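**Q** Pasting a predicted model and its sequence here:
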Amino acid sequence: MKVTQHIEDAKGKPLFSFEIVPPQKGSNIKDLYANIDPLMEFKPPFIDVTTSREEYVYIEKDGLFDRRITRMRPGTVGICASIQHKYGVDAIPHVLCGGFTKEETEYLLVDCHYLGIDNLVALRGDPMKGEKYFEPMKGGNNYAVDLVKQIKAMNSGRFLHETLPMQSAPDFCIGVAGYPEKHIEAPSLEADLKRLKEKVVAGADYVVTQMFFDNQRYFRFVEAARAIGITVPIIPGIKPVAVKRHLQLLPQVFWLDMPESLITSIEQAKDNIEVRQIGVDFAVQQSKELIEFGVPCVHYYSMGKSDNIYNIASRVF
């Protein structure tokens, strides 16, 4: 079922959803299930599965180093199919521009259609590890809006090099990213909102925001989006702080601000066990305020560990 249909069927009741990261190559998928299992108590209608960029590795051979490209966390579509089969909920793969040609993207979309995957999140993706700026793949999509257009074209039976009559055409529901504190590369929040509207006009059905810690940023973001004609659901994304290092890491990577009250509490914590509880307590209050505001869903970034998400959901849903 489409995410938008899940939201409509909920009739105003806020939904619970979360995002997982595929395990590294060689890891046991049972560890992933062990983190998903407890969260199924809260009846998530859908689960997002991230896609990792390719990266360079250096392999030593006869005293020399050979540079190769690899993906440390492959298997996104396979995991989605497994989740849908095992848990009976919709699984949503993240589809990237970076690292994929348009042809490879087309093959991935065909696989998703055959597997009964109804939803996708279309993202540009980050720069490769070690590179400062994003460089599109030769023959790939440059921006998320281009990827949205390719997906919408396939929904109409238009492939890259031909238009075919479709006996069973896909009808993918497309999610895109929104940035309450603007994308790191955007010159302003207003400019970033214009890019978001371009994605919606191209066919995006809903928005999931990057993590934020100040709900007022989200409220103003939604208000500004509505003011320029963006009417699709805007789902807030929440990431509970888990370790002290997040005070430096999260603002650096995601270009966001953290409230002084949260910063002070974390700085005064004696260890990361206490920090993890502070993160849970803060996310609970944040979630309750968002629900009171009337959000359609609260989406949690689990980063592979579910105990803190479980503790939050048990107090919110």
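**A** That came through, no problem.

**Q** contacting residues around A204?
**A** Residues counted as contacts of A204 (CB atoms under 8 Å, 6 or more residues apart in numbering) are 122, 148, 174-176, 232. The way it works is simple: take the backbone N, C-alpha and C, and place the C-beta from them, glycine included.

**Q** Is it possible to get a markdown table of those that adds secondary structure?
**A** Below are the contacts of A204 laid out as a markdown table (DSSP: H, G, I helix; E, B strand; the rest coil):
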| residue | secondary structure |
| --- | --- |
| A122 | strand |
| V148 | helix |
| I174 | strand |
| G175 | strand |
| V176 | strand |
| V232 | coil |
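
**Q** Can you tell me which of those residues lies closest to S188?
**A** Nearest to S188 among these: V176, at 18.9 Å, using CB to CB.

**Q** Could I get the contacting residues of that closest one?
**A** Neighbouring residues of V176 by CB under 8 Å, 6+ apart: 121-123, 144, 148, 196, 199-200, 204, 206-208.

**Q** which of those has the most neighbours?
**A** In terms of neighbours by other CB atoms under 10 Å, these top out with A122 at 29 neighbours.

**Q** ok, and the closest residue in space to that residue that isn't next to it in sequence, which helix or strand is that part of?
**A** Counting by CB to CB, 6 or more residues apart in numbering, the nearest residue to A122 once its immediate chain neighbours are dropped is L147, at 4.4 Å. When secondary structure is defined using DSSP states H and E, the element that contains L147 is helix 144-155.

**Q** Point out where the chain drops to low pLDDT.
**A** Across the chain, the stretches falling below the confidence threshold (pLDDT under 70) are 54-58, 67-72.

**Q** can you give me the helices in it?
**A** With DSSP state H as the criterion, the chain has helices at 3-10, 29-36, 76-87, 102-114, 144-155, 189-202, 215-227, 246-254, 260-268, 272-293, 307-316.

**Q** Next, the buried residues of the fourth one.
**A** It stands for helix 102-114. Judged by neighbour count (16 or more other CB atoms under 10 Å), helix 102-114 contains these buried residues: 102, 105-106, 108-109, 112-113.

**Q** Same question for the third one.
**A** Neighbour counts using 16+ other CB under 10 Å place 76-77, 79-84, 87 of helix 76-87 among the buried residues.

**Q** between the contacts of V176, which is closest to V241?
**A** The nearest one, if we look at the contacts of V176 relative to V241 and count by CB to CB, is V208, at 19.6 Å.

**Q** mind listing what the closest one touches?
**A** The neighbourhood of V208, defined by CB under 8 Å, 6+ apart, consists of 48, 121, 175-178, 235, 237, 299.

**Q** swap the cut-off to 6 Å and go again
**A** Residues counted as contacts of V208 (CB atoms under 6 Å, 6 or more residues apart in numbering) are 175, 235, 237, 299.

**Q** Cross-reference those residues with the strands and report the matches.
**A** Using DSSP state E, the subset of these located in strands is 175, 235, 237, 299.

**Q** Show me what the second one is bridged to.
**A** So the one you mean is I235. Under DSSP bridges, the beta-bridge partners of I235 are V208.

**Q** Over to the first one?
**A** Under the criterion DSSP bridges, G175 forms beta bridges with V121, Y206.

**Q** Hmm, V121 and it touching each other?
**A** Yes - checked against CB atoms under 6 Å, the pair G175 and V121 is within contact range at 4.2 Å.

**Q** Spit out the residues that contact the two alike.
**A** In contact with both G175 and V121: no residue, using CB under 6 Å, 6+ apart.

**Q** and S82, what is it in contact with?
**A** With contacts taken as CB under 6 Å, 6+ apart, S82 has no neighbouring residues.

**Q** let's see it at 10 Å
**A** Applying CB atoms under 10 Å, 6 or more residues apart in numbering to S82 gives the contacts 29, 32-33, 49, 75, 91.

**Q** so who does I273 touch?
**A** I273 makes contacts with V243, as judged by CB under 10 Å, 6+ apart.
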